[in-house]
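Engineer: Sequence and predicted model, in that order:
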Amino acid sequence: MTRTKVEICGIDTSKLPLLKHEQMKELFKRLQAGEHVVKDELVMGNLRLVLSLVQRFAYRGEQADDLFQVGCIGLIKSIDNFDLKHNVRFSTYAVPMIIGEIKRHLRDHHSVRVSRSLRDIAYKAMKAKEQFITEHLQEPTLDDLSKMIEVPVEDILLSLDAIQDPVSLQEPIFSDGGDAIYMMDQLCDNDVSEEQWVTFFTVKESFQNLDTRQKTILSKRIYSGATQTEIAMDLGLSQAQISRLEKSALSTIQSQLNPKE
């Protein structure tokens with residue numbers, strides 16, 4: 001099967017090697033025995049992993065090259081800290097570290113700057129949450145966190161919300177092999193009903209089907225508040241003609257809203 005060539009950071013991703021599990025174990029044995037020259041081979045053999053994780057953040061507005069480089073930093077840290085005694089595959093160990101590195105980069109370089117004080121509160125709250133779960137084997141409430149770090153509940157909520165990464169409305173959140181479900185599919189407008197939205201788009205589409213004079217007349221009548229006489233003078237028509245054109249346009253739109261069975 002032919003692999004598609006993709007250039008990222010000057011690397012042809014179609015030529016990246018893919019190491020098998022046994023090859024990885026052997027390279028790590030050599031690395032941890034002091035044979036540091038194999039580190040480059042481990043990095044190159046796992047760049048595909050970094051690339052696959054970078055694609056998860058495709059909707060964040062960051063250059064893929066930049067995220068790839070940040071992901072590589074996470075990969076190198078993973079290689080430096082991995083120990084075969086963990087008894088897990090390297091990818092299992094590396095994935096959260098690479099994702100964490102990318103998320104830190106996005107958080108620290110976000111266009112909406114979060115104050116240092118808010119970040120500090122958020123990190124304290126997250127650390128307290130981990131401690132609470134370890135000690136009590138259950139999720140803490142906001143009141144629990146507030147007592148632990150001595151910060152009002154409102155400030156904890158604000159800080160945790162501030163450090164969240166923005167999510168694109170076009171970001172897929174679920175796919176079972178068919179059509180993906182996107183974030184915008186899960187949103188609703190409590191102020192405007194679905195029926196009102198359907199009516200809006202039906203009217204908009206019907207308006208586009210009108211001829212130029214009908215569009216002009218309705219626009220002047222609805223948006224400018226002009227009288228039929230004023231419009232007649234502008235268009236060089238009689239008031240009776242404007243009236244007939246207006247009624248015809250409204251009738252066309254009405255027929256689209258209430259089609260005959």
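Structural biologist: Nice, thanks for sending it over.

Engineer: what stretches of the stretch 101-250 of the chain score poorly on pLDDT?
Structural biologist: Low-confidence regions of the stretch 101-250 of the chain, defined by pLDDT under 70, span residues 107-115, 164-194, 197-198.

Engineer: now do 90
Structural biologist: When the per-residue scores of the stretch 101-250 of the chain are filtered using pLDDT under 90, the ranges that remain are 101-140, 142, 152-212, 215, 218-226, 234-235, 249-250.

Engineer: all strands of it, in order?
Structural biologist: Listed from the start of the chain, the stretch 101-250 of the chain has strands (DSSP state E, counting those that start in this stretch) covering 172-174, 181-182.

Engineer: tell me what the helix ranked longest in the chain is packed against?
Structural biologist: The helix of greatest length in the chain, counted in residues with DSSP state H as the criterion, is given as helix 116-136. Contact analysis of helix 116-136 by 3 or more CB pairs under 8 Å, 6 or more residues apart in numbering; DSSP states H and E lists helix 142-149, helix 153-162 as its packing neighbours. Glycine gets a C-beta too; all of them are placed from N, C-alpha and C.

Engineer: Nearest to Gln241, out of those?
Structural biologist: Closest approach to Gln241 among those is made by helix 153-162 (58.2 Å; CB to CB).

Engineer: For that closest one, buried residues please.
Structural biologist: Asp155, Ile156, Ser159, Leu160, Ala162 (16 or more other CB atoms under 10 Å).

Engineer: Just put these in CSV and tack on distance to Leu31.
Structural biologist: Putting the buried residues of helix 153-162 into CSV (distance: CB to CB, whole Å) gives the following:
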residue, distance to Leu31
Asp155, 45
Ile156, 42
Ser159, 40
Leu160, 38
Ala162, 40
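
Engineer: Pick out whichever of those residues sits closest to Arg30.
Structural biologist: The shortest approach to Arg30 among the buried residues of helix 153-162 belongs to Leu160, at 43.4 Å (CB to CB).

Engineer: is it true that Ile76 touches Asp40?
Structural biologist: No: under the criterion of CB atoms under 8 Å, Ile76 lies out of contact with Asp40, with a separation of 10.4 Å.

Engineer: Those two: which is more packed in?
Structural biologist: Set Ile76 next to Asp40 and count neighbours by other CB atoms under 10 Å: Ile76 wins out with 17 against 9.

Engineer: which parts of stretch 210-221 are buried?
Structural biologist: Of all the residues in stretch 210-221, those buried under the rule 16+ other CB under 10 Å are Leu210, Arg213, Gln214, Thr216, Ile217, Leu218, Lys220, Arg221.

Engineer: Also stretch 96-105?
Structural biologist: Met97, Ile98, Ile99, Glu101, Ile102, Lys103, His105.

Engineer: May I have the phi/psi pair for Glu139?
Structural biologist: Backbone geometry at Glu139, expressed as degrees, to the nearest 10, gives phi -70, psi 140.

Engineer: count of residues packed around it?
Structural biologist: Taking other CB under 10 Å as the criterion, the count of residues near Glu139 is 9.

Engineer: ok, now the one 5 residues further on?
Structural biologist: Counted with other CB under 10 Å, residues neighbouring Asp144 total 15.

Engineer: ok, now which ones touch the nearest residue to it once chain neighbours are set aside?
Structural biologist: Using CB to CB, 6 or more residues apart in numbering and skipping residues adjacent in sequence, the residue nearest Asp144 is Phe132, 6.0 Å away. The neighbours of Phe132, taking CB atoms under 8 Å, 6 or more residues apart in numbering as the test, are Gln138, Glu139, Pro140, Asp144, Leu145, Met148.
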